[in-house]
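Novice: pasting a predicted model and its sequence here:
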Amino acid sequence: MNVFMVYVRDENFCQLLPEELNRSRPDDERTKVMAFPPLGIQTLAPVLRRHGHRVRLFDTCHPQMKVEHIAQAVAEERPDVMALSFLSTTTYPAVKTMAKRLKLAAPKIPIIVGGTFATMNSDHILRDCPDIDCVGVGEGEELLPDYLNNLDDPSAVAGLVWRHAGDIVRNTPRPLLQDLNQFPYPDRTSLPIDYIESLPLDVPAVLSLDKFCTIQTSRGCPYSCIYCDIPSLSQGKWRYRSAEHVLGEMQQLNDLGYRSIYLTDDHFLLNRNRIGMICRGIIERKLEFRWGCEGRVDAVAVDQLSLMKKAHCNFLAFGVEAGTQKVLDRLHKRQTLKQVEHAVSEAKRHGIQRVHGFFVIGSPGETEADIMASFRFAARLKLDTFGFNRLCAYRGTPLWQEYIDRGIIDEGRDWHKWFKCSDIDCTALSGAVVNRVRMKGYALLFARRIFWRPISTYKLLRLFGRHMKWSDIFKLLWSPFRRRTLSRKPDLPARMIDLGLEEPERGAASIT
Ligand code: B12
């Protein structure tokens, strides 16, 4: 069969590289984009090919892979199936637009969607979007080939949610995959795109022009932080590929010339032995790429950090979240400030080049003093980079459930939305206050950093300066202090709209 696989993404999470950096040679057909590669479709394409299907990949970050181009290709090539893949709530509107346009181009060709958000909202999506024919719930490696084999009998496909005689039919669920070593390595060559290692920000922050890709070595996380939906998606389990299988893929990437790799694992740092085996393998095979990953602070062992450094790990991102134990406990983070300090200082002591801290602000129960305590905490830590984002509630998280229980969110009407806590929760500070305190916090953090760590600050700026104009670096540094103009009004829960509380600040004060 001939399958079109389309990765639909949020436009603000990708950016074309500036013209002067985009074409290395005049005959270069490839486009350079600052974005993460679409690992979902890259993973599924070779699996389908192994089953004898032909697959064509599209990624909407490419200037010639926008909805109109794909619709034209559909009209010309008439694939047997169109499979749309997307990650999050934020992309759902774009997916609906895509499905509508592709259906117009080829009304009889079935459209199946999959990915994290689709998995969690399958019935809702089918009720909401007539252009989508079915949803593949969960992992696609076995489900998608099974679906293609049973196009005439969708009832035979475990994990499929589909329409039949006007009803929505939910087939028996498909269990989580047990053996992740059985699949071919992702296809990173078909798309005519070079993904560029960058900071995921709204100014061009290119880190290097080396060949860059992502890799997933494990799935899931056993913890239950209130803002994360991974435990519900992965049923609280952590599954992993063997070190050998991972090293085989890394060897291939090394031989293909990749020199920068980012692990998208939910929690790479969970199993020390496995990290040890992978790192020793990288060293023994003399693989040349640098790599980065994310993880919890309580899983880091000193001996592994030194080995990770030797194996060219140059980036480590920790979910720090907050600088007060009170907020960490409210988020069910199950970590202490001491553990954070230990992990960050050990990572720096062992020479990890860039250690990043993810923080959230505007959490329920958090005061202005708590936010400033987080900034002061960040200033004390030897972090190289940091991000302070407003906490959001996504469907499938314990926090979302709490808001349903508190009568703030109406599951039936709000399922397709996501909310900043500060817009909807009266126990959180209002958005305006959070933004004001954040500016103050950043000013303190930057000042302390320049004063206490001038050399590392200079080195970091020099790294940015290799591929960025100084005006862009200045914009990057200035961005936390810019007044934010909303590109779109924030989503509000249906009940707040019913009550006419469409100003988040007022709504937050009176909904509960
Ligand atoms: C890497 C990553 C990113 C990268 C982007 C990656 C990219 N390709 O563009 C960056 C950092 C930019 C990012 C940004 C955001 N992300 Co993100 N991200 C991830 C992360 C950690 C890994 C994704 C990944 O590479 N997975 C590996 C591949 C192999 O898995 P997959 O794509 O899910 O595909 C599998 C299945 O879903 C299925 N499948 C996929 N497509 C299809 C299609 C069909 C037809 C079928 C049948 C099956 C199928 O089969 C695949 C193989 O099993 C996930 C967490 C996670 N575990 O998924 C969060 C995650 C998806 N992100 C999340 C969020 C919230 C965001 C942001 C909104 C954050 C923000 N506030 O700014 C943005 C929005 C990005 C967007 N929509 O474009 C949430 C989504 C929650 C939700 N319900 O919406 C997640 C789940 C994290 C979390 N803990 O909650 N993200």
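Specialist: Arrived safely.
Novice: from the centre of this protein, give me the residue that's furthest out.
Specialist: A165 (36.3 Å; Cα atoms, centre = their mean).
Novice: burial measure for the residue of the stretch 201-350 of the chain found nearest the ligand, as a count.
Specialist: The nearest approach of the stretch 201-350 of the chain to the ligand comes at T264, 3.8 Å away (Cβ to the nearest ligand atom). C-beta: built from backbone N, CA, C; applies to glycine. T264 has 16 neighbours, counted by other Cβ atoms under 10 Å.
Novice: which stretches of the stretch 351-500 of the chain aren't confidently modelled?
Specialist: For the stretch 351-500 of the chain, the stretches flagged by pLDDT under 70 are 483-488.
Novice: within range of the ligand, give me the residues from it.
Specialist: Near the ligand, the residues belonging to the stretch 351-500 of the chain are 392, 394-396 when assessed by Cβ under 6 Å from any ligand atom.
Novice: OK, contacts around the residue of the stretch 201-350 of the chain closest to the ligand?
Specialist: Applying Cβ atoms under 8 Å, 6 or more residues apart in numbering to T264 gives the contacts 36, 39, 214-216.
Novice: adding pLDDT, write these out as JSON lines.
Specialist: What follows is the contacts of T264, written out as JSON lines (pLDDT from 0 to 100):
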{"residue": "F36", "pLDDT": "92"}
{"residue": "L39", "pLDDT": "98"}
{"residue": "T214", "pLDDT": "97"}
{"residue": "I215", "pLDDT": "98"}
{"residue": "Q216", "pLDDT": "98"}
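Novice: hmm, who's touching the host helix or strand of A71?
Specialist: Element membership for A71, per DSSP states H and E: helix 67-77. Residues outside helix 67-77 that contact it (Cβ under 8 Å, 6+ apart) are 2, 4, 6, 56, 58, 60, 82, 97-98, 101-102, 104-106, 109.
Novice: buried set for it?
Specialist: For helix 67-77, burial by neighbour count (16 or more other Cβ atoms under 10 Å) applies to 67, 70-71, 73-74.
Novice: for the nearest residue to S85 once chain neighbours are set aside, list the residues it contacts.
Specialist: Nearest residue to S85, sequence neighbours excluded (Cβ to Cβ, 6 or more residues apart in numbering): G40, at 4.5 Å. Shown in contact with G40 (Cβ under 8 Å, 6+ apart): 7, 85, 87, 114-115, 140.
Novice: just those: which are in strands?
Specialist: Counting by DSSP state E, the part of the contacts of G40 found in strands is 7, 85, 114.
Novice: need those in CSV (columns: distance to L337, neighbour count and pLDDT).
Specialist: Formatted as CSV, the ones in strands among the contacts of G40 follow (distance: Cβ to Cβ, whole Å; neighbours: other Cβ atoms under 10 Å; pLDDT from 0 to 100):
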residue, distance to L337, neighbour count, pLDDT
Y7, 39, 25, 98
S85, 39, 29, 98
G114, 39, 27, 98
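Novice: restrict those to contacts with the ligand.
Specialist: Contacts with the ligand are made by 85, 114 out of the ones in strands among the contacts of G40, judged by Cβ under 6 Å from any ligand atom.
Novice: in CSV, list the ones in strands among the contacts of G40 along with distance to S422.
Specialist: As requested, the ones in strands among the contacts of G40 are exported to CSV (distance: Cβ to Cβ, whole Å):
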residue, distance to S422
Y7, 31
S85, 31
G114, 32
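Novice: on that earlier part again, for PyMOL, what selects the buried ones among the contacts of helix 67-77?
Specialist: Buried members of those, defined by 16+ other Cβ under 10 Å, are picked up in PyMOL with:
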select buried, resi 4+6+56+58+60+82+98+101+102+105+106+109
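Novice: nearest to W452 among the contacts of helix 67-77?
Specialist: Top of the list for closeness to W452, among those and by Cβ to Cβ, is T60 at 43.1 Å.
Novice: ok, that closest one touching V6?
Specialist: Yes: counting by Cβ atoms under 8 Å, T60 touches V6, with 7.1 Å between them.
Novice: so what sits against both of these two?
Specialist: By Cβ under 8 Å, 6+ apart, the residues touching both T60 and V6 are 70, 98.
Novice: on that earlier part again, which of the contacts of T264 fall within helices?
Specialist: Members of the contacts of T264 lying in helices (criterion: DSSP state H): L39.
Novice: let me know the closest of the contacts of T264 to V206.
Specialist: Of all these, V206 sits closest to F36, with 14.1 Å by Cβ to Cβ.
Novice: what is the burial count for that closest one?
Specialist: By other Cβ under 10 Å, neighbour count at F36 equals 20.
Novice: one more: the one 10 residues further on?
Specialist: P46 sits with 18 neighbouring residues when counted by other Cβ under 10 Å.
Novice: the helix or strand harbouring it near the ligand at all?
Specialist: P46 is located in helix 39-50, with elements delineated by DSSP H and E. Yes: using Cβ under 6 Å from any ligand atom, helix 39-50 comes into contact with the ligand via 39-40, 43-44.
Novice: name the member of those with the most neighbours.
Specialist: L44 (28 neighbours).
Novice: need phi/psi at the spatially most central residue of the chain.
Specialist: Nearest residue to the geometric centre of the chain (Cα atoms, centre = their mean): L87, 7.3 Å. In terms of degrees, to the nearest 10, the main-chain angles of L87 are phi -90, psi -60.
Novice: list the residues that contact it.
Specialist: Taking Cβ under 8 Å, 6+ apart, we find L87 in contact with 9, 40, 115-117.
Novice: can you list the residues you listed in CSV and add distance to P490?
Specialist: Formatted as CSV, the contacts of L87 follow (distance: Cβ to Cβ, whole Å):
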residue, distance to P490
R9, 21
G40, 27
G115, 23
T116, 21
F117, 18
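Novice: which one of these is nearest R376?
Specialist: Proximity of those to R376 (Cβ to Cβ) peaks at T116, which lies at 34.5 Å.
Novice: leaving aside the residues adjacent along the chain, what's closest to that closest one?
Specialist: L87 (5.3 Å).
Novice: what about that neighbour, distance to I473?
Specialist: For L87, the distance to I473 (Cβ to Cβ, to the nearest Å) stands at 29 Å.
Novice: that older thread, just the ones in helices from the residues of the stretch 351-500 of the chain next to the ligand, please.
Specialist: With DSSP H as the criterion, helices contain none of those.
Novice: so what pLDDT did M277 get?
Specialist: If you check M277, the pLDDT there is 96.
Novice: where does it fall, phi/psi-wise?
Specialist: phi -60, psi -40.
Novice: the closest residue to it other than its chain neighbours - how many residues pack around it?
Specialist: Spatial nearest neighbour of M277, chain neighbours left out: A243 (3.6 Å); criterion: Cβ to Cβ, 6+ apart. A count of nearby residues for A243, using other Cβ under 10 Å, gives 20.
Novice: next: I226.
Specialist: 18.
Novice: again, but for L463
Specialist: Residues near L463, counting by other Cβ under 10 Å, number 17.
Novice: give me the contact list for the helix or strand hosting it.
Specialist: Using DSSP H and E, L463 falls within helix 454-465. For helix 454-465, the external contacting residues (Cβ under 8 Å, 6+ apart) are 205-207, 354, 384-385, 449-450, 473, 476.
Novice: please enumerate the helices of the stretch 151-300 of the chain.
Specialist: Secondary structure of the stretch 151-300 of the chain (DSSP state H, counting those that start in this stretch): helices at 230-233, 243-255, 272-284.
Novice: by mean pLDDT, show me the worst of those helices.
Specialist: helix 230-233 (a mean of 90).
Novice: which residues are in contact with S155?
Specialist: Neighbouring residues of S155 by Cβ under 8 Å, 6+ apart: 164, 169, 171.
Novice: wait, a helix at K32?
Specialist: No: secondary structure of K32 (DSSP: H, G, I helix; E, B strand; the rest coil): strand, not part of a helix.
Novice: any idea how far R438 is from it?
Specialist: From K32 over to R438 the distance is 32 Å, taken as Cβ to Cβ.
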